[in-house]
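> next comes the sequence, and after it the predicted model I'd like to discuss.
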Amino acid sequence: MATRKFQIYKGDHKNGELVNFETEVNEGMVVLDVVLKIQAELANDLAVRWNCKAGKCGSCSVEINGKPKLSCMTRMNQYGPDETITITPLKTFPVIKDIVTDVSWNYTQNKRIKPVKLAPEAKTDKGYVMYQEDVGRVQEFRKCIECYLCQNVCHILRDHDKKDEFIGPRFMIRVASLEMHPLDIVDRIPELKKEFGSGMCNVTRCCTEVCPEDINITDNGIIPLKERVIDRFYDPVTILSRKIFGKRKKKLPPIKP
Amino acid sequence: MLDIAEIKTIEHDVLIVGAGGAGLSAAIEASSLGMSTGIVMKSLLGKAHTVMAEGGMAAALGNVDARDHWKIHFRDTMRGGKFLNAWRMVELHAKLAPERVRLLEEWGAVFDRTKNGLINQRNFGGHRYPRLAHVGDRTGLEMIRTLQDYGIHQGIQAYMECTALDLLTNKSGEVCGIVCMWRETGTFIIFKAKSIIFATGGGGKAWEVTSNSWEYTGDGYAMAYEAGAELMDLEFNQFHPTGMVWPLSVKGLLVTESVRGEGGILLNNEGTRFMFNYIPERFRSETADTEEEAARWLKGDPNARRPPELLTRDVVARAINEEVKAGRGSKHGGAYLNIATQRSAEDIKKKLPSMFHQFKVLAELDITKEPMEVGPTCHYFMGGIRVDADTTMSSVPGLFACGECAAGMHGANRLGGNSLSDLLVFGYLSGKNAAEYAKKVATHSELDKDKVIRIIRNATTILNRESGANPYLLHEELEHNMQANVGIIRTEKELNKGIDTLGKIKEAYKTVKAKGTSQFNPGWHEALGLRNLLITSEAVAHAALLREESRGAHTRADFPGEQEHWLHYNIVITKGDDGEMRLVKVERPAPDAELERIAKSSIDTLEMEIEKEREQGKT
C-alpha cells in the first residue's frame, strides 16, 4: 500500500481543469479502481462511465497520461511509484462532464450501415451452414467491444474532426464483418466509397495499436475493404466484366457433406 | 413549486426498461408487431450486463450430440432447479430455445461451428449433452451486439443513460407509465405506455463479492414491489463457484464455467481433486466416480459419465466453500482451477481467449501454465417478479417481466447457459404478449400528477438536503452486511442479525445526501439505486429466514437438506397496506402429469422413449 498522486479532469466541454487527488493504492489495483475510490471518498460527484470492470463492455475508455486506454484493464503497477497519473476524457468526443464524453455520434454511424441478410438458399432445417474456416475472419471483427478507442485515435476524426466524411475504424470493421460474412448477400461497397469515406484512411495503423481486443483493424479489415472499393470502381477489367456479365454475386462457401 | 407541465412526456405503446438480451429481444418482438416501442436503459446501448455472459446459450439443437431433445433439456433444468421451477416456463424454454438461437444466427450472430458447418455446442454443468451454442467465451457480447444491430433498424426508440424511478398506474390499477431521469442532465421525463416490460436484471450488487456491475441494484424488483406486484423466490441467490479471488481489486470477477466445460479440474491445496467427494445422491448415477472415467469423458467417450466438476453450480460452490473452511483452500482462500494440465496451450487460447487475457492482465498469471485461484461469487437471482408462464405478465395488469428480473424459470438453482436462452425465449414472449395487451388498450391513461410529483420529490430531496449519509459508504455497509449475514451458507441467527442491520441502514438511508449538482452525478445515481437495493435485500433476507430447508442455491446450516414439505411452496412477497413487507407461503399448483413424468423418468427410460419416437418419425 502506498499513497499515489493523480490528476483528473473535472469540468464540462467548455470549462474544466485538472484536479489533484492523493489516495492509497493497493496491490493489484487498476486505474478504474483508483478512480472509483476517489469518487467514493473524495469526489462523490465525479462523473465516470463504467460497467463490467473486466474489459468486456468498453465503457471506461479514457486517456491515461495521454494514452487512450480502458481504465479497467490498466494496472497501476505499469506506472512508476512516483509518477503522477493524469486521467483525461477521450479527446475526439465532446465532454459531458469530467471524464465522461458524448459518444452518440458513433451510434448514428452504426445506423447508416445496412443490416445483415443471409442467403436464403444456405438455410437448412438445422440452421445455416457455414464452416469455421470461413467465419474465423468475421469473428475477429465481432470481438469489438465498442470502446471507441480506435475512433478516438483516428487522426481523421481526432485532429481533423472530419466526422461528416469518415465513419471511422470501428465502423469500417463493422462493415468488414458484414461484407466478409460468408452468407451475407447485401452490397455495401458503393456507400463505403461514397458515404463512409473509405478513401480517407491513410493506413497509419493507430487504431490497430490501441485496440484492447487486438483486432487487426487495418490489415484484416480496412485494407481488404479498400481493395474491394478499388476493384469495383477503379479496375477496368472488373468494370468491363461487370458490364458484360452483370453484378458479381458473392460466392457462397461450398456445402460440405 | 414543481410544475409537471414542464416535464416532457413521451408516448409509446410498449415501453421496455432494460436493454440487455431480454429487453432487446422483447423490443424487437413488440416493434415487429407494429407497436411504437421504446427502450429505456441506465447505460449506453450494448453495454448491459449480458455482455459479460461468457459460456453460451443452452438449446437442444442436437448439433453435437444428436441424442439431445427438448425433453432432456427440460429434465436437466428441473433437476438443476431442484423441482421448484415453474413447470410450464421450463417447458416453453426447452421447446422454444432452439428456434430462437437459430433466429439469432439469421440476425447476424456468428457462432463457432461444428465440422459440418452447424452451430457448435459445448458441455456445461448440469447439461447432459453438449448444449451451449457459443462464440469462444464471449457469447454474451455476440448476443447483445446482434440484437442491438438488428434492433436499431426496427424503428425502436432507444433512450440511453436514462434511469427509471417508479411506475405509474391508472385508476383501475393498470400500469400506464413510468417516471425516469436523464443521467446526463438530471432532468426528469415521463413515459406513457399501454404496457411496460421490465427486463432490469438482478440485484447482485447487494453483496461484497459479486460478478455483477453497478447496474445490478434490483430496480425492477423494487419498482414492481412499490407498484403492488408480487415477488417470488428471492431467497435463491446463485453464488457462481468460480469467481476470481486474487488480486483483491477484482475479487468476484467471473471465471466462466466453460473452463470446466472444456475439461478444467478443481484441486485443493493438497492436490486432491475434491469434487469426487461431493457428488449428491441425485446425480450419482450420472457422474463419473473415478479420474480415469472423467478423463475418458473429456476425450469424447460417449459411454463415460460426466466429471464431477460439471455438477450444478450450487453443489460446486458449496464444495469449494467447505474445502476452504476445512483449511484446504488455495493461497488466497479459494480453490485451484487447472486447465493447463488438461488442454494444450493452443486449445486454451482458442477456446477461452478472454479468460486467458483476463488472468494475464489482471492477475499476471498464464492460465496455459498455472492454475487459477477461484471462489464463490454472487452471480444471479433465480427469484424475482412473479409472472404468468405463458404471458409473462406480473400480478399488476400491464406490467410484464422477463429475464433475470422474472421468477420461476430456474427454480432453486439455475443451470449455466440457461440464462442467455431464457433471455431469448422469454424476451420474445414478453414482447409478444405486451404488444397484444397494448393493442387492447384504446388510449393512454391520464397521469396521476400527485404520484409524479411524489416520485420526483423523493429523488430531488437526496440532492437538496443540507447534509446526510454518504451513499457510497451506505452501500458498502449493505454489501458487508449481506456478505456476512445473508451469504452462501445461512443460519437463523445470522439472518436475524442481517435483518437488524438492514433496518439500521434503512434508517440511515432516510437522510442520504448526494453532493454536487444534478448533472451526471454518480453519487446521486448511487443513492437512487440504493433504495431499490435495500428493498431487494430486505426481501432476500426475510425469504431466506422463512425457508427452513436447504434447496439449490439456498443453504441453511441450521436446516440441512431438502425438506419434502417445502417442495410444495413458494415464498411470495408483497408490500402490505401498512407499507411493511409481507411474506406468504403460497402452495404450488400441481404439475402437469406428463411433464412430471418426463422430469422424474430415469435418463435411460427417457432416452429410449425419445429414440423410439424418432424411429417412428414423431419428433
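Nice, thanks for sending it over. Residues are numbered from 1 along each chain as shown, chains lettered A, B, ... in the order given.
> and whichever residue of chain B sits closest to chain A, how many neighbours?
Going by Cβ to the nearest Cβ, chain A is nearest to residue B:247 of chain B, at 2.2 Å. From N, CA and C alone the C-beta is placed, and that goes for glycine too. Neighbour count of residue B:247, defined by other Cβ atoms under 10 Å in any protein chain shown: 18.
> how about the one 5 residues further on?
Counted with other Cβ under 10 Å, the neighbours of residue B:252 add up to 22.
> which SS state does it fall under?
On the three-state scheme (DSSP: H, G, I helix; E, B strand; the rest coil), residue B:252 is labelled coil.
> does it really touch residue B:244, like I thought?
Yes. Contact criterion Cβ atoms under 8 Å: residue B:252 and residue B:244 qualify, at 7.0 Å.
> ok, the residue of chain B closest to chain A touching residue A:30?
No. With contact defined as Cβ under 8 Å, residue B:247 does not count as touching residue A:30 (9.1 Å).
> can you list the domains in the chain?
Just so you know, I chose chain A. For chain A, automatic domain parsing gives the domain ranges A:2-101, A:104-245.
> please go with chain B instead
With automatic domain parsing as the reference, chain B has domains B:38-238+B:379-449, B:242-376, B:458-587.
> tell me which of those domains sits most buried.
domain B:38-238+B:379-449 (a mean of 24; mean count of other Cβ atoms under 10 Å in any protein chain shown).
> start to end distance for it?
22 Å (Cα to Cα, to the nearest Å).
> and residue 222, what does it touch?
Answering for chain A, as no chain was given. Going by Cβ atoms under 8 Å, 6 or more residues apart in numbering or on different chains, residue A:222 touches A:169, A:172, A:173, A:176, A:198, A:201, A:203.
> meant chain B, my bad for not saying
With contact set as Cβ under 8 Å, 6+ apart, residue B:222 has these partners: B:531, B:532, B:533, B:535, B:536.
> out of those residues, which are inside helices?
B:531, B:532, B:533, B:535, B:536 (DSSP state H).
> and the pLDDT at the last one?
At residue B:536 the predicted local distance difference test score is 98.
> turn the domains of chain B into CSV, columns for distance to residue A:226.
Conversion of those to CSV gives the following (distance: least, Cβ to Cβ, whole Å):
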stretch, distance to residue A:226
domain B:38-238+B:379-449, 23
domain B:242-376, 28
domain B:458-587, 39
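> which one is the residue of chain B closest to chain A nearest to, not counting chain neighbours?
Spatially, and ignoring its direct neighbours in sequence, residue B:247 is nearest to residue A:28 (2.2 Å; Cβ to Cβ, 6 or more residues apart in numbering or on different chains).
> can you give me the neighbour number for that neighbour?
18.
> that one: what secondary structure?
coil.
> is it true that it touches residue B:245?
No. Using Cβ under 8 Å, residue A:28 makes no contact with residue B:245, being 11.1 Å away.
> can you give me the helices in the stretch 51-200 of chain A?
A:104-112, A:132-141, A:149-153, A:155-158, A:169-179, A:189-194 (DSSP state H, counting those that start in this stretch).
> quick revisit: and the domains of chain B: which comes nearest residue A:8?
domain B:458-587 (13.3 Å; Cβ to Cβ).
> span of the closest one from start to end?
37 Å.
> check stretch B:12-27 too.
Taking Cα to Cα, stretch B:12-27 runs 12 Å from one end to the other.
> pLDDT weak spots in the chain?
With no chain named, the answer covers chain A. Low-confidence segments of chain A (pLDDT under 70): A:246-257.
> wrong one, I was asking about chain B
By pLDDT under 70, the low-scoring segments of chain B are B:1, B:618-619.
> same thing but at 90, please
Filtered on pLDDT under 90, chain B yields the residue ranges B:1-6, B:54, B:247-249, B:282, B:300, B:302, B:354, B:617-619.
> tell me who's in contact with the residue nearest to residue B:247.
Shown in contact with residue A:28 (Cβ under 8 Å, 6+ apart): A:75, B:246, B:247, B:248, B:249, B:250, B:362, B:363.
> out of those, who's nearest residue B:458?
Nearest to residue B:458 among the contacts of residue A:28, with distances taken as Cβ to Cβ, is residue B:249, at 33.7 Å.
> the closest one contacts residue A:25, doesn't it?
No. With contact taken as Cβ under 8 Å, residue B:249 and residue A:25 are classed as non-touching, separated by 9.6 Å.
> need the residues of the stretch 1-150 of chain B near chain A, please.
B:43-49, B:51-52, B:61, B:63, B:102, B:105-108, B:110, B:112-113, B:116-119, B:135-136, B:138, B:140-142, B:145, B:149-150 (Cβ under 8 Å from any Cβ of the partner chain).
> tell me where the stretch 101-250 of chain A has strands.
Using DSSP state E, counting those that start in this stretch, the strands found in the stretch 101-250 of chain A span residues A:123-124, A:127-128.
> got a list of contacts for the last one?
Counting by Cβ under 8 Å, 6+ apart, the neighbours of strand A:127-128 from elsewhere in the structure are A:118, A:122, A:183, B:61, B:63, B:102, B:105, B:106, B:118, B:119.
> I'd like those residues laid out as CSV, including distance to residue B:553.
Shown next, in CSV, are those (distance: Cβ to Cβ, whole Å):
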residue, distance to residue B:553
A:118, 40
A:122, 42
A:183, 41
B:61, 27
B:63, 30
B:102, 31
B:105, 32
B:106, 35
B:118, 33
B:119, 29
